[in-house]
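Got a sequence here, can you model it:
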Amino acid sequence: CNQTYSGRAGVKYPIRVTGPFQRFLPFVCKVNFVAMGGDFGDYVELSFLSFQIGRFEFSR
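Numbers count the residues shown, from 1 in each chain. Below you'll find the predicted structure:
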């Protein structure tokens, strides 16, 4: 989080966002994807291999 990524059109880039080591603290990550427009086009294509929100706690 809090980083800027840029790349070339037609190239795939892996991005991994993980939470902090202090799991007891709230974690908010805002990610923006912006198309450059012009010769590069007006869209951003995203593919997710996996996606998780929150955590699962199990107790017996």
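
since we're on residue 19, how many residues are nearby?
Other residues lying near residue 19 total 15 when counted by other Cβ atoms under 10 Å. Backbone N, C-alpha and C define where each C-beta goes, glycine included.

Measure how buried the residue nearest to residue 41 when sequence neighbours are not counted is and give me the count.
With Cβ to Cβ, 6 or more residues apart in numbering as the criterion, residue 41 has its nearest non-adjacent residue at 6.1 Å, and that residue is residue 35. Residue 35 has 12 neighbours, counted by other Cβ under 10 Å.

Now do residue 35 against residue 2, distance only.
21 Å (Cβ to Cβ, to the nearest Å).

Residue 57 now?
Residue 57 is 27 Å from residue 2, where distance means Cβ to Cβ.

pretty sure residue 42 is touching residue 9, no?
No - using Cβ atoms under 8 Å as the test, residue 42 is too far from residue 9 to be in contact (11.8 Å).

all helices of the chain, in order?
Per DSSP state H, the chain carries no helices over any range.

Sketch out the low-pLDDT regions of it for me.
54-56, 58 (pLDDT under 70).

quick one: residue 3 from residue 21, how far?
Residue 3 is 18 Å from residue 21, where distance means Cβ to Cβ.

Please report the distance of the nearest residue to residue 27 once chain neighbours are set aside from residue 1.
Spatial nearest neighbour of residue 27, chain neighbours left out: residue 19 (4.5 Å); criterion: Cβ to Cβ, 6+ apart. Separation of residue 19 from residue 1 (Cβ to Cβ): 9 Å.

Are there residues contacting both of these two? Which ones?
Residues touching both residue 19 and residue 1 (Cβ atoms under 8 Å, 6 or more residues apart in numbering): residue 29.

Distance check, residue 17 against residue 9.
Look at residue 17 and residue 9: by Cβ to Cβ, they are 23 Å apart.

what about residue 14, how many residues close to it?
Other residues lying near residue 14 total 5 when counted by other Cβ under 10 Å.

quick one: contacts for it?
So residue 14 contacts nothing (Cβ under 8 Å, 6+ apart).
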